[in-house]
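J.: Could you work out the structure for the sequence below:
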Amino acid sequence: MNLPQLATALCLAATAGIASAQDPDLARNLAATCANCHGTNGKAVAGSGMEALAGADKGKLLQKIRDFKSGSKPATIMQQIAKGYTDEQMDLIAGYFAAQK
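T.: As a prediction, this is how the structure comes out:
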């Protein structure tokens, strides 16, 4: 490998490392999609009939999302929404809401 090729390879490797660094706001950004139904930061409006997610147990939230995704928990819209998330994203969302007070 000559010097220009080596320099290019090193630059690409450094860029890949930066690109794969996780966005510190990713959990919040993913959870924001839930606000339309479950309220800002998971604080559902009283009397809305929607479940509040803020402060809920992370494991229970994660299991509910997984159940929606698999179809074992029926829903009108959550099955479709949950199918769009990876396991890592579901974990981030559940963790975000569990941390809310």
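J.: Please, where are all the helices along the protein?
T.: For the chain, the helices defined by DSSP state H occupy 3-20, 26-31, 35-38, 58-70, 78-82, 87-99.
J.: I'd like to know which helix or strand in this protein has the lowest mean pLDDT.
T.: The weakest-scoring helix or strand in the chain, judged by mean pLDDT, DSSP states H and E, is helix 3-20 (a mean of 50).
J.: Identify the residues contacting stretch 30-47?
T.: 48, 50-56, 77, 81, 85, 89, 92-93, 96-97, 100 (C-beta atoms under 8 Å, 6 or more residues apart in numbering). Placement of C-beta: from N, CA and C, glycine included.
J.: rerun at 7 Å
T.: By C-beta atoms under 7 Å, 6 or more residues apart in numbering, the surrounding residues in contact with stretch 30-47 are 50-54, 89, 92-93, 96-97, 100.
J.: same question, stretch 70-81
T.: 64, 67-68.
J.: Spit out the contact partners of the closest residue to residue 69 other than its chain neighbours.
T.: Of all residues not flanking residue 69 in the chain, residue 82 sits nearest, at 3.8 Å (C-beta to C-beta, 6 or more residues apart in numbering). Contacts for residue 82 (C-beta under 7 Å, 6+ apart) come out as 65, 68-69.
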